[in-house]
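Visitor: the sequence isn't on hand, but the structure is:
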DNA sequence: CTGTTAGCGCCTTCAT
DNA sequence: ATGAAGGCGCTAACAG
């Protein structure tokens, strides 16, 4: 690996001039050309270790997710990566497996300049502060009670509420929400919004054991087979939506004749099902953009108080709701 | 951030003894305890920049994917991350957007010790060699013509062939494969295997514009509406499988009465659809394990010739094929 | 605008 | 098993 010294040998310039060139500080035109020629000939690339040792920055941000195979989180991260990389910032991705503190510690060991995390469990705020040191943290999709940090989420209550409104606007008084485990922050919010707004009638919350297609299918299949079969349904995330849809289809039931349906996050799905499904959809690109923006600001030295960014969901109309029989 | 010097101040030991302790070299028991106490008190963590500067290794592997929102690739990467992290190796993830060479260059700039890439376009082997330098490269899921590198893929021809066999075993002589663009290496292989083996009869290849649920749905909806409606179908990836399934359901057709069906990668889906679908499934965990293993070996200094790991797919039987009318 | 100099924190001979 | 010393490649004063 060539170094400044090699460039110095070819150009006769001092190390500091060469450094200035690479840091976009003014350099005489002739020297600039000489450096460019030399480094092209050498295939030179600056050594990030040495640079980091001096500057104390890696231009890498750590990403901490519960699991890496969650499609929703990864699609946000795709947007975050794109926005950060435009500024030359890379992402070091790690599965946290419900242990935020350990995850943060390990990322810090690898010298990340900041951390974006989707938290799961509760965390002791003090422990968090200690392990974080001065590394900026942006919490994505979910919050942690008692922790003061930048936060980018959607308005989950409003999302649940809107779903309930759609259904009640068509006259449904007996409504069901298929939601994931109560341990998931977003699910609590969506369920709460749904209950609070649909609460004038008869509201049932079906809780699944986890957020998978299979779990959604199972819970829905059981509900459909029960004595009081749901007639108006809201699914609180994409996997549950798909699972419920399959359960309904397999049971030989029709939407909306037998059951009215509001799904979540499946805009693409909504467009190709018959009938089109009503959907609550999350603004993935905005979530990504705001998260990246916040992080870049912190990296640039913004020390203003923690922000709480709350984005609205979009309601995509369909033909999957009809008045109750 | 505390350094060895701080530990030295607390323990009176030399920097070299402290270094030895942290590098698992023999240190007298009393000293070991002193160092442990001091570093705990200080909240000490070794500075990876300084370490990298000396050792020339970052303990980070770069991951280069066409896009980060591809569920299949990310599920492999989830396994890779898990295996690498067990060895203390992190992953720096980047979307390559069809430009492997630039991607590799940028990852090298961030000092990755190795690169795992899912390639898309062709690449000039020499350019690749140059930009790689001595960084080990493992190609995942797809190969590049003319490039000699470690490679972990499935046997795509065999996968396509097996699908064709299933259908012909039930007596189908007119079979259709729904595959993605010919530009995708895996799709070419699956189509080839399907054609070669199903070739005794009447084989049609439906090519979609991209690998999405919507594209699969569209292509399938058109085919179902055509004069010669398919009666035996193989879908060459998960998104196409889901899209085709929705198209079939929406068209009011039944599996397998109207159309026999072999899907791809949707084992979970297969279990909850009615009837159960025949599926070709990729060994995601094995792909991840072999990839990680290969990379770890290279990081450990293995300089043996490039390996070509080819894994078999699994055939999951269902009730979605019946003899033709 | 350019050059000289002094580290950043750690690992690694080399003696002891 | 320990200690002293040098340097990895780069940046950031500072002087010119």
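Guide: Right, received. Where do you want to start? Predicted model only: the values in this text are computed from it and were never measured.
Visitor: so for stretch A:61-80, what gets flagged as buried?
Guide: Judged by neighbour count (16 or more other CB atoms under 10 Å in any protein chain shown), stretch A:61-80 contains these buried residues: A:61-70, A:72-80. (C-beta placed from N, C-alpha, C; glycine too.)
Visitor: let me see the contact set for residue A:317.
Guide: Residues near residue A:317 by CB atoms under 8 Å, 6 or more residues apart in numbering or on different chains: A:276, A:278.
Visitor: list the helices and strands the helix or strand hosting residue A:292 packs on?
Guide: In this structure, residue A:292 sits in helix A:284-299 according to DSSP states H and E. Here helix A:284-299 touches helix A:71-86, strand A:114-117, strand A:137-140, strand A:150-154, strand A:308-311, going by 3 or more CB pairs under 8 Å, 6 or more residues apart in numbering or on different chains; DSSP states H and E.
Visitor: can you list these in a markdown table and add distance to DNA strand C and mean pLDDT?
Guide: Output for these, formatted as a markdown table (distance: least, CB to the nearest atom of the strand, whole Å; pLDDT from 0 to 100):
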| stretch | distance to DNA strand C | mean pLDDT |
| --- | --- | --- |
| helix A:71-86 | 25 | 97 |
| strand A:114-117 | 19 | 98 |
| strand A:137-140 | 22 | 98 |
| strand A:150-154 | 27 | 98 |
| strand A:308-311 | 34 | 98 |
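Visitor: the ones you listed: which one's closest to residue B:174?
Guide: In terms of CB to CB, the element of the helices and strands packed on helix A:284-299 nearest to residue B:174 is helix A:71-86, at 35.3 Å.
Visitor: walk me through the domains of chain A.
Guide: A:4-46, A:55-154+A:284-312, A:156-282 (the TED database).
Visitor: check contacts around the closest residue to residue A:265 other than its chain neighbours.
Guide: Leaving out its chain neighbours, the residue that sits closest to residue A:265 by CB to CB, 6 or more residues apart in numbering or on different chains is residue A:238, at 4.0 Å. Taking CB under 8 Å, 6+ apart, we find residue A:238 in contact with A:71, A:72, A:263, A:264, A:265, A:266, A:269.
Visitor: my guess is residue A:112 meets residue A:58, correct?
Guide: Yes: the pair residue A:112 / residue A:58 is scored as a contact, 6.3 Å apart, by CB atoms under 8 Å.
Visitor: who has more neighbours out of these two?
Guide: Per other CB atoms under 10 Å in any protein chain shown, whichever of residue A:112 and residue A:58 has more neighbours is residue A:112, with 28 against 25.
Visitor: now the residue lying closest to the more buried one once chain neighbours are set aside: which helix or strand?
Guide: In space, and not counting its chain neighbours, residue A:112 is closest to residue A:62: 3.8 Å by CB to CB, 6+ apart. If you go by DSSP H and E, residue A:62 is part of strand A:60-65.
Visitor: tell me what angle that strand forms with helix A:284-299.
Guide: Interaxial angle of strand A:60-65 relative to helix A:284-299 (axes from the mean of the first three to the mean of the last three CA atoms, to 10 degrees): 130 degrees.
Visitor: against which helices or strands is strand A:60-65 packed?
Guide: helix A:71-86, strand A:90-95, helix A:100-109, strand A:114-117.
Visitor: and the next element down the chain from the worst-scoring helix or strand of chain A on mean pLDDT?
Guide: Of all helical and strand segments in chain A, the minimum by mean pLDDT, DSSP states H and E falls on helix A:267-272, at a mean of 90. Later in the chain than helix A:267-272, the nearest helix or strand by DSSP H and E is strand A:278-281.
Visitor: in the stretch 151-300 of chain A, where is pLDDT below threshold?
Guide: Across the stretch 151-300 of chain A, nothing is flagged by pLDDT under 70.
Visitor: which residues of it fall in strands?
Guide: A:174-179, A:202-207, A:232-235, A:260-264, A:278-281 (DSSP state E, counting those that start in this stretch).
Visitor: and the ones you listed as a markdown table, adding mean neighbour count and distance to chain B?
Guide: Formatted as a markdown table, the strands of the stretch 151-300 of chain A follow (neighbours: other CB atoms under 10 Å in any protein chain shown; distance: least, CB to the nearest CB, whole Å):
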| stretch | mean neighbour count | distance to chain B |
| --- | --- | --- |
| strand A:174-179 | 26 | 14 |
| strand A:202-207 | 17 | 16 |
| strand A:232-235 | 31 | 15 |
| strand A:260-264 | 27 | 13 |
| strand A:278-281 | 25 | 14 |
